[in-house]
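Peer 1: sequence and computational prediction follow.
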Amino acid sequence: MRQVWAGGADDMCHKRRRKVVEDEEVNWHEERFSGFPPKRLKAIVVSSRNCFGVESSSGIGRNSSHSTTDEDEADWTRLPDDTLLKVFTLLNHRDRASLASVCRGWRTLAASASLWTSLDIRAHVLDSDMTAALSSRCAKLQRLRFRGGAAATAIVGLQARGLRDLSGDSCGDLSDASLCMMVARHEALESLQLQLGVDCERISNDAIKVVATCCPKLKRLRISGIRDVDAPTIGALAKHCPDLMDLAFFDCTNVDEVALAAATSLRFLSVAGSRVISWSLAAEMWPKLPHLTGLDVSRTDITAVTAAELMAAPKLKVFCAVNCSHLEHGRDAVESLLNPSVLVTQCTDFKKELASLSSINAGRSPKCKKLTDSLVCKDCHLELTDWTECVLSHALLKTAESNSGLDVFWLNRGTALMLNLLQSQQEEVQERAATALATFVVIDDETESVDPARAEAVLHAGGITHLLHLAKSCREAVQSEAAKAIANLSVNADVAKTVAMEGGICILASLARSPNRRVAEEAAGGLWNLSVGEDHKGAIAGAGAIEALVDLAFKWLSGNEGVLERAAGALANLAADDKCSMEVASAGGVHALVNLARFCHHEGVQEQAARALANLAAHGDSNGNNAAVGKEPGALEALVHLTSSNHEGVRQEAAGALWNLSFDDRNREAIAAVGGVEALVTLAQSCSTGSQGLQERAAGALWGLSVSEVNSIAIGRGGGVAPLIALARSEFEDVHETAAGALWNLAFNPSNALLIVEEEGVPALVHLCSSSQSKMARFMAALALAYMFDGRTDEVAFGPMFSESPGLGVDGLEAARHLAIRNIDACVLSFSNHQALLVPTTSLPPAALTEVAESARIQEAGHLRCSGAEVGRFVSMLRNKAAVLRSCAAFALLQFTMPGGRHAMHHISLLQKAGAGRVLRTIAASATAPLQAKVFARVVLRNVELHPAGEHTSSS
């Protein structure tokens with residue numbers, strides 16, 4: 001006997017990520033040719049592929065059905081080289097490589113040094129082979145972004161001696177030696193930015209001195225996470241880098257305040273996040289810097305008095321102090337200064353302050369004019385605007401990562417500022433602003449909770465439109481961060497609806513095809529959260545996202561668990577829908593998901609792959625996916641193996657998948673053949689203190705397997721009775737139902753029934769009969785007790801084999817029988833219409849009979865399917881000398897034959913084959929039969945009469 005479990009479509013489907021992931025993204029950024037429409041570029045790429053057979057690896061136009069003819073084919077060989085170069089600047093390195101294979105002329109153009117002035121290798125391991133391949137193209141390379149200290153040494157091999165801008169992310173493993181080697185080969189450097197992490201001890205002051213000595217043209221130095229910066233180091237920078245105007249030591253433990261006053265060339269200074277600064281010395285020395293225009297002290301313990309003194313610097317225009325708790329209390333004193341500086345704190349009206357920045361700059365140049373969507377005119381100190389955006393985006397991101405509350409700030413000002421920064425002209429500012437949006441909405445890392453007020457603040461401020469626009473950017477780094485923000489915000493149902501209405505599903509489906517792993521991962525995460533909503537599943541399938549998600553599972557190998565987990569999670573949600581589940585299967589999803597379950601060792605991937613297989617197998621009545629999963633080589637073995645995982649979520653989803661698969665007769669036997677019985681008994685023995693989901697699925701899988709008599713005996717002999725009784729005592733109501741179902745199936749076998757009695761199962765089942773809030777649990781517990789005491793257990797208990805076991809003795813068994821019979825009677829009566837039972841059964845009109853049937857009906861029982869042996873046993877029970885068991889049998893047959901039940905006609909056919917009509921009529925007319933047995937027997941007869949023999953015989 002079993003019941004369909006739908007797989008939990010919305011179980012564990014929100015994966016909200018708040019921290020800045022140590023990602024590996026690709027962004028071969030080139031200067032965008034503003035005179036060339038992006039939409040036209042798309043057409044050109046499609047046409048070039050169609051004409052020359054070049055497949056665009058970026059996926060542009062992949063689904064296009066455009067076919068060229070003689071009239072619309074373009075003769076690309078006639079285009080001027082400069083036009084083609086402008087087209088090439090809009091493409092990433094993969095598309096250039098594809099187009100370079102068209103002809104020798106295009107190969108030459110694709111290798112043009114003018115296309116390789118900027119390079120982002122953050123998504124790649126820069127080994128010797130890659131360095132050799134790139135070195136011939138890097139003669140004019142001016143800007144390079146890399147990730148990790150390991151890449152620093154290899155950068156030397158690029159032979160980009162003219163490199164001017166070098167930026168490294170996640171460089172916590174960067175050593176002094178690597179940094180010194182890198183800067184020694186690039187003496188033309190004007191900008192060096194390094195993110196070292198937190199309290200990095202690998203980079204010393206000596207290495208920074210080497211930077212100063214080797215890079216005399218340095219104008220910008222920004223280092224995040226260095227432990228301390230002493231006076232000699234700052235002195236070396238001041239001495240050897242006379243043009244240094246932008247200096248930032250983010251999140252440094254200690255910075256020498258006095259020495260900074262010697263760096264007289266500085267225009268911009270940031271000590272944001274520094275923890276040990278003598279503000280009295282800083283207030284005395286820093287205002288003496290003759291060119292200081294911008295000062296950032298965000299996330300420090302600066303006081304209002306010190307801030308007022310610092311803002312007295314003669315040329316200071318921007319003073320940024322976001323998330324400075326001491327300063328907020330004394331803000332009035334600072335604002336009272338007659339200084340034209342812009343003060344930026346969490347209490348600032350950012351729009352007003354930035355507008356005042358525009359007016360300040362406008363007063364310095366007659367050419368300057370106020371712009372609607374930008375802060376200041378390019379001709380008028382654009383550096384100040386760029387610097388302000390940079391430090392603000394950094395401060396907001398770090399504040400969001402700290403998750404330190406500040407609800408008023410985020411709702412009133414922070415959200416608006418982040419959305420403003422999304423529209424910056426600086427790519428790194430856009431990235432950080434999008435990451436900050438993705439981070440600040442998640443308020444609890446452990447529960448991964450999204451703050452609805454923050455999400456709605458982004459929604460109402462038009463943030464979704466801005467993020468979707470960024471997601472369509474040609475810059476992949478911006479795409480990935482925008483997709484991450486969309487994914488996290490889409491946990492909120494209103495945001496998800498807006499994302500879908502504004503075309504976000506199609507955008508994410510397109511990004512999921514990106515060859516950039518980071519972009520594809522975040523897009524898959526967005527589809528995962530959007531697929532929670534039933535209204536979005538069809539749109540996701542219609543956008544071609546199912547094929548893209550399945551492709552991700554095949555495309556990315558080990559080491560890319562993030563994208564695999566998100567793809568499997570999205571497929572799991574989609575598989576909960578019947579139509580979408582068929583599309584997942586037709587796209588090769590079964591094979592892909594089984595491969596993940598078999599070969600991927602990441603627990604998050606295993607969990608989502610098992611959940612997806614469970615949902616695919618949950619539609620056994622409507623499609624062939626259940627059988628397809630069972631037939632997939634290695635599927636059942638992998639799921640059985642996962643039930644022993646150290647991760648509870650993996651065990652839970654694997655058990656759920658086996659539960660659903662056990663509804664197919666061949667799968668049920670195949671699961672047992674690969675050790676499923678033993679594995680699930682072991683799981684049931686260990687999960688009594690586990691989560692509700694784990695307990696429910698462990699009991700449910702044993703319930704499904706125990707439909708087979710052979711499996712039922714194996715479960716009993718394998719020690720499965722005791723853990724199921726323990727689960728029947730669980731504090732969770734849903735577990736009661738599955739445990740009662742499994743015990744009911746086991747009790748069909750007399751030896752198992754005796755084991756249940758010996759393991760103190762009768763009191764547990766009696767408790768379910770009388771106390772459970774689940775009607776199904778009460779019903780199946782009563783049927784289990786009826787099986788145990790309908791006389792067949794006595795044959796085992798007092799037979800020849802009884803002497804081999806301690807047994808209960810006659811008295812113990814009789815006591816258990818009386819307890820069971822009394823509670824079976826009470827359980828059946830609890831479902832009866834007492835008013836109708838007062839009327840003599842012979843005079844019950846059809847309407848009253850219907851009323852009795854509907855009041856006694858348990859809707860969920862219509863999903864149960866009994867075998868011929870089980871129906872035959874209930875027919876035999878109708879003749880039992882115990883009146884209570886006769887009533888119970890009639891009550892059970894009523895449930896199984898009610899019109900509208902999924903298997904009602906099947907059961908009626910079995911009743912007719914068993915000759916039950918005569919027995920039912922005898923009970924209905926008997927003067928000595930219990931009243932409820934007589935009424936229930938009449939209802940069953942009515943149900944049989946409603947279905948002519950031909951109808952249900954064909955469907956049995």
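Peer 2: Sure, I can see it. Residues are numbered from 1 along each chain as shown.
Peer 1: what ranges do the strands span in this structure?
Peer 2: Along the chain, counting by DSSP state E, strands occupy 118-120, 143-147, 165-169, 191-200, 220-226, 228-229, 246-250, 254-255, 268-270, 294-296, 318-320, 342-344, 442-444, 449-450.
Peer 1: which secondary structure elements does the last one sit against?
Peer 2: On a contact count with 3 or more Cβ pairs under 8 Å, 6 or more residues apart in numbering; DSSP states H and E, strand 449-450 meets strand 442-444. For glycine as for every other residue, the C-beta is placed from the backbone atoms N, C-alpha and C.
Peer 1: quick check: mean pLDDT of the strand it packs on?
Peer 2: Averaging pLDDT along strand 442-444 gives 82.
Peer 1: quick check, distance from that strand to the centre of its chain.
Peer 2: Remark: strand 442-444 is offset 15 Å from the chain centroid, using Cα atoms, centre = their mean, to the nearest Å.
Peer 1: now do it: which elements does it pack against?
Peer 2: Judged by 3+ Cβ pairs under 8 Å, 6+ apart, strand 442-444 is in contact with strand 449-450.
Peer 1: what lines up beside the strand it packs on in the sheet?
Peer 2: Paired with strand 449-450 in the same sheet, following DSSP bridges, are strand 442-444 (antiparallel).
Peer 1: for stretch 474-490, buried residues please.
Peer 2: Neighbour counts over stretch 474-490 (16 or more other Cβ atoms under 10 Å) mark 474-490 as buried.
Peer 1: keep only those of those that are in helices.
Peer 2: When DSSP state H defines the helices, the subset of the buried residues of stretch 474-490 inside them is 476-489.
Peer 1: would you turn those into JSON lines with pLDDT and distance to L244?
Peer 2: Output for those, formatted as JSON lines (pLDDT from 0 to 100; distance: Cβ to Cβ, whole Å):
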{"residue": "E476", "pLDDT": "87", "distance to L244": "32"}
{"residue": "A477", "pLDDT": "88", "distance to L244": "27"}
{"residue": "V478", "pLDDT": "92", "distance to L244": "29"}
{"residue": "Q479", "pLDDT": "93", "distance to L244": "34"}
{"residue": "S480", "pLDDT": "93", "distance to L244": "32"}
{"residue": "E481", "pLDDT": "95", "distance to L244": "30"}
{"residue": "A482", "pLDDT": "96", "distance to L244": "34"}
{"residue": "A483", "pLDDT": "97", "distance to L244": "37"}
{"residue": "K484", "pLDDT": "96", "distance to L244": "34"}
{"residue": "A485", "pLDDT": "96", "distance to L244": "34"}
{"residue": "I486", "pLDDT": "97", "distance to L244": "39"}
{"residue": "A487", "pLDDT": "96", "distance to L244": "40"}
{"residue": "N488", "pLDDT": "95", "distance to L244": "38"}
{"residue": "L489", "pLDDT": "96", "distance to L244": "40"}
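Peer 1: how many other residues sit next to A123?
Peer 2: By other Cβ atoms under 10 Å, the residues close to A123 number 20.
Peer 1: wait, Q430 sits on L470?
Peer 2: Yes: at 6.3 Å, Q430 and L470 qualify as touching, with contact defined as Cβ atoms under 8 Å.
Peer 1: give the residues shared as contacts by those two.
Peer 2: Counting by Cβ atoms under 8 Å, 6 or more residues apart in numbering, the contacts common to Q430 and L470 are L422, V478, E481.
Peer 1: and for stretch 295-307, what are the contacting residues?
Peer 2: Under the criterion Cβ under 8 Å, 6+ apart, residues 248, 268-275, 277, 279-280, 282-283, 286, 310, 313, 316, 318-327, 329-331, 333-334, 391, 394-395, 398-399 lie in contact with stretch 295-307.
Peer 1: please repeat the previous calculation with a cut-off of 7 Å.
Peer 2: When contacts are defined by Cβ atoms under 7 Å, 6 or more residues apart in numbering, stretch 295-307 is touched by residues 269-274, 277, 279, 282-283, 310, 316, 319-324, 326-327, 329-331, 333-334, 391, 395, 398-399.
Peer 1: now those: which count as buried?
Peer 2: Burial of the contacts of stretch 295-307 was assessed by neighbour count (16+ other Cβ under 10 Å); the buried members are 269-274, 277, 279, 282-283, 310, 316, 319-324, 326-327, 331, 334, 391, 395, 398-399.
Peer 1: looking at those, which are in helices?
Peer 2: Counted as lying in helices by DSSP H, out of those, are W279, A282, A283, L310, H326, L327, R331, V334, V391, A395, K398, T399.
Peer 1: from the residues you listed, pick the one nearest A914.
Peer 2: Closest approach between these and A914, by Cβ to Cβ: T399, at 73.3 Å.
Peer 1: can you put the strands of the chain in JSON lines and add distance to D407?
Peer 2: Output for the strands of the chain, formatted as JSON lines (distance: least, Cβ to Cβ, whole Å):
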{"stretch": "strand 118-120", "distance to D407": "36"}
{"stretch": "strand 143-147", "distance to D407": "34"}
{"stretch": "strand 165-169", "distance to D407": "30"}
{"stretch": "strand 191-200", "distance to D407": "26"}
{"stretch": "strand 220-226", "distance to D407": "27"}
{"stretch": "strand 228-229", "distance to D407": "34"}
{"stretch": "strand 246-250", "distance to D407": "25"}
{"stretch": "strand 254-255", "distance to D407": "31"}
{"stretch": "strand 268-270", "distance to D407": "26"}
{"stretch": "strand 294-296", "distance to D407": "24"}
{"stretch": "strand 318-320", "distance to D407": "21"}
{"stretch": "strand 342-344", "distance to D407": "19"}
{"stretch": "strand 442-444", "distance to D407": "9"}
{"stretch": "strand 449-450", "distance to D407": "14"}
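Peer 1: tell me which of these is the most buried.
Peer 2: Each of the strands of the chain was given a mean neighbour count from mean count of other Cβ atoms under 10 Å, and the largest, a mean of 26, is that of strand 294-296.
Peer 1: quick one: strands adjacent to it?
Peer 2: Strands that pair with strand 294-296, judged by DSSP bridges, come out as strand 268-270 (parallel), strand 318-320 (parallel).
Peer 1: chain center to the last one: distance?
Peer 2: Just to be clear, that refers to strand 318-320. Mean C-alpha position of strand 318-320 versus that of the full chain (Cα atoms, centre = their mean) differs by 38 Å.
Peer 1: ok, stretch 690-698 next?
Peer 2: Centroid separation for stretch 690-698 versus its chain: 21 Å, with Cα atoms, centre = their mean.
Peer 1: re earlier: tell me the one of the ones in helices among the buried residues of stretch 474-490 nearest C214?
Peer 2: Nearest to C214 out of those is A477 (Cβ to Cβ; 28.3 Å).
Peer 1: so how far is S876 from the closest one?
Peer 2: From A477 across to S876, the span is 73 Å (Cβ to Cβ, to the nearest Å).
Peer 1: helices along the stretch 651-800 of the chain, start to end?
Peer 2: Applying DSSP state H, counting those that start in this stretch to the stretch 651-800 of the chain gives helices spanning 665-673, 676-686, 692-705, 709-717, 721-728, 733-747, 750-758, 761-771, 775-788, 792-797.
Peer 1: dump the C-alpha coordinates for the shortest one into PDB.
Peer 2: Taking Å, rounded to 0.1, in the frame of the first residue of the first chain, the C-alpha atoms of helix 792-797 are listed here in PDB:
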ATOM      1  CA  ARG A 792      -3.200 -14.900  11.300                       C
ATOM      2  CA  THR A 793      -0.600 -13.800  13.800                       C
ATOM      3  CA  ASP A 794      -1.800 -16.500  16.300                       C
ATOM      4  CA  GLU A 795      -0.700 -19.100  13.800                       C
ATOM      5  CA  VAL A 796       2.800 -17.800  14.000                       C
ATOM      6  CA  ALA A 797       2.800 -16.900  17.700                       C
END
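Peer 1: now it: mean pLDDT?
Peer 2: Per-residue pLDDT values over helix 792-797 give a mean of 74.
Peer 1: which parts of it are buried?
Peer 2: So, applying 16+ other Cβ under 10 Å, buried residues of helix 792-797: R792, T793, D794, V796, A797.
Peer 1: if we can go back for a sec, including distance to L437, could the shared contacts of Q430 and L470 go into CSV?
Peer 2: Below are the shared contacts of Q430 and L470 laid out as CSV (distance: Cβ to Cβ, whole Å):
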residue, distance to L437
L422, 8
V478, 13
E481, 9
